[in-house]
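Participant: The sequence isn't on hand, but the structure is:
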């Protein structure tokens with residue numbers, strides 16, 4: 001058994017224990033699940049959809065979610081599903097979405113649509129680096145000021161060609177016409193915004209919104225903070241730019257009568273998660289356990 005498979009089984013066993021433990025503790029009174037993916041396999045995505053439906057969750061659009069926030073009342077269990085970045089493999093989920101008649105929102109990074117890839121895909125290419133060193137390099141680049149960030153990304157991409165991993169503009173436009181899909185903004189360059197200047201923040205939020213509106217012919221009023229980084233200043237700016245709902249990577253419970261529409265929590269199902277790990281994250285149990293040496297709670 002290789003190391004990756006061994007770790008996968010350990011995480012699944014750990015998650016199963018957490019789920020069993022949940023049977024003996026009081027259930028959350030929250031009727032709202034806010035879940036997000038990045039680039040999931042159709043198999044994992046469909047299993048999660050089936051689980052939600054079997055457990056009497058109605059999977060709603062962000063427009064319906066906005067109405068619930070306005071009314072501050074909820075009489076049924078609901079789930080909101082969002083997908084970050086705009087990976088080309090997300091197209092494989094459309095048949096599942098149509099089959100079960102459920103709604104998803106895809107938050108798109110516009111420069112990646114134009115260029116074909118995300119900046120972190122270039123990190124480590126052509127260098128003898130392991131997974132840990134690549135992760136450290138990505139974290140270092142994220143923390144750079146805007147000028148240094150854009151310069152370093154430009155250098156990373158010079159003289160390197162990799163296969164497209166991101167939706168094309170034509171695919172995005174077609175997606176935007178799907179009645180079960182909503183398109184939202186994920187900035188221009190997927191830059192960490194919290195430590196950037198006001199002007200950079202405004203450009204990233206507003207330029208991506210304007211570009212997506214030009215491409216799709218639709219109003220873009222939903223936003224996801226890259227890396228989940230947000231501040232009160234960003235919340236206020238997002239409102240000024242015309243966004244109605246903004247999503248973070250916070251993992252707290254949601255209650256219909258007290259949702260801050262500019263810092264909405266979500267729970268991540270990572271791409272390589274097993275089913276039990278995904279369920280433990282959806283219900284927030286995974287995040288209540290401190291990180292163990294062999295368990296990464298991302």
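Facilitator: Okay, I see it. Keep in mind the model is a prediction, meaning the values are calculated, not measured. Residues are numbered from 1 along each chain as shown.
Participant: from here on, contacts and neighbour counts on C-alpha atoms
Facilitator: Noted.
Participant: Share the number of residues neighbouring residue 166, please.
Facilitator: Residues within reach of residue 166, counting by other C-alpha atoms under 10 Å, total 23.
Participant: Following element in sequence after the longest strand belonging to the chain, please.
Facilitator: Looking across the chain with DSSP state E, the single longest strand is strand 78-85. Where DSSP states H and E defines the elements, the next helix or strand beyond strand 78-85 is helix 94-100.
Participant: For residue 205, which residues are in contact?
Facilitator: With contacts defined as C-alpha atoms under 8 Å, 6 or more residues apart in numbering, residue 205 is in contact with 185, 186, 187, 188, 238, 241.
Participant: how about 6 Å then?
Facilitator: Counting by C-alpha atoms under 6 Å, 6 or more residues apart in numbering, residue 205 makes contact with residue 187.
Participant: now do residue 265
Facilitator: Residue 265 neighbours (C-alpha under 6 Å, 6+ apart): 248, 249, 250, 251.
Participant: try 7 Å this time
Facilitator: Shown in contact with residue 265 (C-alpha atoms under 7 Å, 6 or more residues apart in numbering): 34, 247, 248, 249, 250, 251, 252.
Participant: before we move on, what about residue 78?
Facilitator: Residue 78 is in contact with 31, 32, 33, 57, 58, 59, 60, counting by C-alpha under 7 Å, 6+ apart.
Participant: now residue 58
Facilitator: Neighbour list for residue 58: 77, 78, 79 [criterion: C-alpha under 7 Å, 6+ apart].
Participant: Bridged to the most centrally placed residue in the chain, which residues?
Facilitator: Centroid-nearest residue in the chain, with C-alpha atoms, centre = their mean: residue 84, separated by 3.5 Å. In this entry, residue 84 is beta-bridged to residue 107, by DSSP bridges.
Participant: isn't it right up against residue 40?
Facilitator: No. Look at residue 84 against residue 40 with C-alpha atoms under 7 Å: they stay out of range, at 10.7 Å.
Participant: what residues are shared contacts of those two?
Facilitator: By C-alpha under 7 Å, 6+ apart, no residue touches both residue 84 and residue 40.
Participant: can you pick the most crowded of the contacts of residue 265?
Facilitator: Among the contacts of residue 265, the one with the most neighbours (other C-alpha under 10 Å) is residue 247, at 25 neighbours.
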